[in-house]
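Trainee: here is a sequence together with a model predicted from it:
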There are 2 protein chains.
Amino acid sequence: MPREVTSFSNETVKRIRALRDKKARKSQGLFLAEGLRIIAEARDCGFLPEIVVFARGQPLHPLAASIVADAEAKGADVIETTPAILSKMSGKDNPQAILGAFRQPDTSLASINRDASPLWIVAQSLRDPGNIGTILRTSDAVAAGGLILIDDHADPYSVEAVRASMGAIFTQAVATTRWEEFIAWLRSGKGQLVGTSLKTDTDYLDAEYEQPCFLLIGNESQGLPPAYEDECDLLVKMPMLGKADSLNAAIAAAVMSFHIRSAWRNAP
Amino acid sequence: MPREVTSFSNETVKRIRALRDKKARKSQGLFLAEGLRIIAEARDCGFLPEIVVFARGQPLHPLAASIVADAEAKGADVIETTPAILSKMSGKDNPQAILGAFRQPDTSLASINRDASPLWIVAQSLRDPGNIGTILRTSDAVAAGGLILIDDHADPYSVEAVRASMGAIFTQAVATTRWEEFIAWLRSGKGQLVGTSLKTDTDYLDAEYEQPCFLLIGNESQGLPPAYEDECDLLVKMPMLGKADSLNAAIAAAVMSFHIRSAWRNAP
């Protein structure tokens, strides 16, 4: 049975509210996902929330009810609360009808099985959690294996990243590491490291992409450091036909990964 | 000579600060662009700010000084102020060193010259100003003519959209209109209307794109209304290889527009 929470100062209310802060996510090992669509995606991928919260006073959507039942059977803390408290927990005026707090998975490089997909996205020092979530969503769309985050980066488990991922945070593998460790891991097996650069004459449409392909995307404002470009097995140029000399990081990742998929499809 | 402003309650400080609000942008007919890079892009495209603000106490970058001089020669209000007031105007703790308030251009459909480019992006009911700015940046990269915003949408002159455009707000034409007016205008001349849809079997890689091509992108959460799909001359499907059934709107616009450019390049 759900327990009813009607106080703003309830400890679980405070814990969930705190999950919008990175430190609290780290110390609790949890992250927040909002809305039935993404929580249903989570269950499809084998993830159930450890804490699940919904508003009382309105009948629960049958799908939500079934997820709540599953979570409860696995020992989740199930909370029914007022719309006002739900709103406080989500930090939004019009919160989703259901929230879940999920355990953060292992994000070590060792958790990545490179044979699981021919395509991986590697992003260096991404600062914008929305970009991380959008790249995860794209990564899902091209059936990449997931996203490897290099160096200092925004938190893939932030509310913004999870929301922008539209559920792909649950379908995609995520690893976080430093450049040196990543290169050591990459070179311990098969894999072509592909970077986009202004320094090459090889058009991205004319290059040959090998499997598994690791697509390396640079930071939003600086692009890839020269030493990182030097390490790439293939550098390609995306033509900039206008005045701008760069693309948004999530856009570059998407155009490249859709093209790589199409190049493989059309390969002789 | 710049005038010095040292009071938070100065009328121009209030006016600029208000430009983060859509109503004020509309009543003043101005919008805010922040940072030397984007203001320099503006001048390259023939736009000078009507009000330009920079922080006193540090030498002005030579490029900034030259833009300030040009703006002043055209009658701009040039203001030197304290870092604290600059911060208040931009609403950021670490504001850019220079801000400009620019006149909003004509955004009527009549201002669009369809012969200026073989490719145009048309977006329906975009809600996220960051998406609008990102699409403008992509539109510049593929040398599209610009962006036509249909129905209710976020403001392309909001601070978030201008920032995400990375200057493309000045290189790209922007029009805002309603669906019926857009279709009447479109059908008064040449143009292929292309939509992305889950309802078709035509893969986007196999379709033929005519010039001028008007690429129609649906709203972030609902996609294109059925009646809008029906009006398209060509519907294409972007394969979704994972669990998600849609892409972020700016991602879809980018993958499609880069592909259309490459299809034309490779056309026999």
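Mentor: Perfect, thanks for sending it.

Trainee: rest of the way, CA atoms for contacts and neighbours
Mentor: OK.

Trainee: flag every residue of chain A that's near chain B.
Mentor: Taking Cα under 8 Å from any Cα of the partner chain as the contact definition, chain A meets chain B at A:134, A:137-138, A:140-143, A:166-168, A:171, A:205, A:239-248, A:250-251, A:254-255, A:258-259, A:262.

Trainee: mind checking which of those are buried?
Mentor: Using 16 or more other Cα atoms under 10 Å in any protein chain shown as the burial test, the residues of chain A next to chain B include A:134, A:137-138, A:140-143, A:166-168, A:171, A:205, A:239-240, A:242-244, A:246-248, A:250-251, A:254-255, A:258-259 as buried.

Trainee: can I assume residue A:56 is in contact with residue A:81?
Mentor: Yes - with contact defined as Cα atoms under 8 Å, residue A:56 counts as touching residue A:81 (5.5 Å).

Trainee: looking at these two, which has the bigger crowd around it?
Mentor: A direct count of neighbours by other Cα atoms under 10 Å in any protein chain shown for residue A:56 and residue A:81 places residue A:81 higher, at 21 against 16.

Trainee: show me the contacts for the more buried one.
Mentor: A:4-6, A:53-56 (Cα atoms under 8 Å, 6 or more residues apart in numbering or on different chains).

Trainee: name the helices or strands packed onto the lengthiest helix in chain A?
Mentor: Determined from DSSP state H, the single longest helix within chain A is helix A:249-265. Applying 3 or more Cα pairs under 8 Å, 6 or more residues apart in numbering or on different chains; DSSP states H and E, one finds that helix A:249-265 contacts helix A:129-141, strand A:213-217, helix B:249-265.

Trainee: and residue A:203, how many neighbours does it have?
Mentor: Residue A:203, neighbours per other Cα under 10 Å, totals 14.

Trainee: with adjacent residues omitted, what lies nearest to it?
Mentor: residue A:237 (4.9 Å; Cα to Cα, 6 or more residues apart in numbering or on different chains).

Trainee: which ones are touching the nearest residue to residue A:117 once chain neighbours are set aside?
Mentor: Once flanking residues are discounted, residue A:117 sits nearest to residue A:145: 4.9 Å by Cα to Cα, 6+ apart. Applying Cα under 8 Å, 6+ apart, we find residue A:145 in contact with A:114, A:116-121, A:139, A:172-173.

Trainee: now, which of these sits nearest residue B:212?
Mentor: Nearest to residue B:212, judged by Cα to Cα, of the contacts of residue A:145 is residue A:139 at 30.8 Å.

Trainee: tally of neighbours for residue A:207?
Mentor: Neighbour tally, residue A:207, other Cα under 10 Å: 14.

Trainee: look at it and give its secondary structure.
Mentor: coil (DSSP: H, G, I helix; E, B strand; the rest coil).

Trainee: now it: how far from residue B:157?
Mentor: 38 Å (Cα to Cα, to the nearest Å).

Trainee: the strands in the stretch 151-268 of chain A, which residues?
Mentor: Along the stretch 151-268 of chain A, the segments classed as strands by DSSP state E, counting those that start in this stretch run A:173-177, A:192-196, A:213-217, A:234-236.

Trainee: as CSV, these with mean pLDDT and mean neighbour count would be great.
Mentor: Listed next are the strands of the stretch 151-268 of chain A as CSV, based on pLDDT from 0 to 100; neighbours: other Cα atoms under 10 Å in any protein chain shown:
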stretch, mean pLDDT, mean neighbour count
strand A:173-177, 98, 21
strand A:192-196, 97, 23
strand A:213-217, 98, 24
strand A:234-236, 97, 22
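
Trainee: related to what we said a few turns ago, quick one: which of the contacts of residue A:145 is most hemmed in?
Mentor: Going by other Cα under 10 Å, residue A:139 tops the contacts of residue A:145 with 30 neighbours.

Trainee: how confident was the prediction at it?
Mentor: pLDDT recorded at residue A:139 is 98.

Trainee: still on that earlier bit, need the strands of the stretch 151-268 of chain A in JSON lines with distance to residue A:37, can you?
Mentor: Formatted as JSON lines, these follow (distance: least, Cα to Cα, whole Å):
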{"stretch": "strand A:173-177", "distance to residue A:37": "19"}
{"stretch": "strand A:192-196", "distance to residue A:37": "34"}
{"stretch": "strand A:213-217", "distance to residue A:37": "29"}
{"stretch": "strand A:234-236", "distance to residue A:37": "37"}
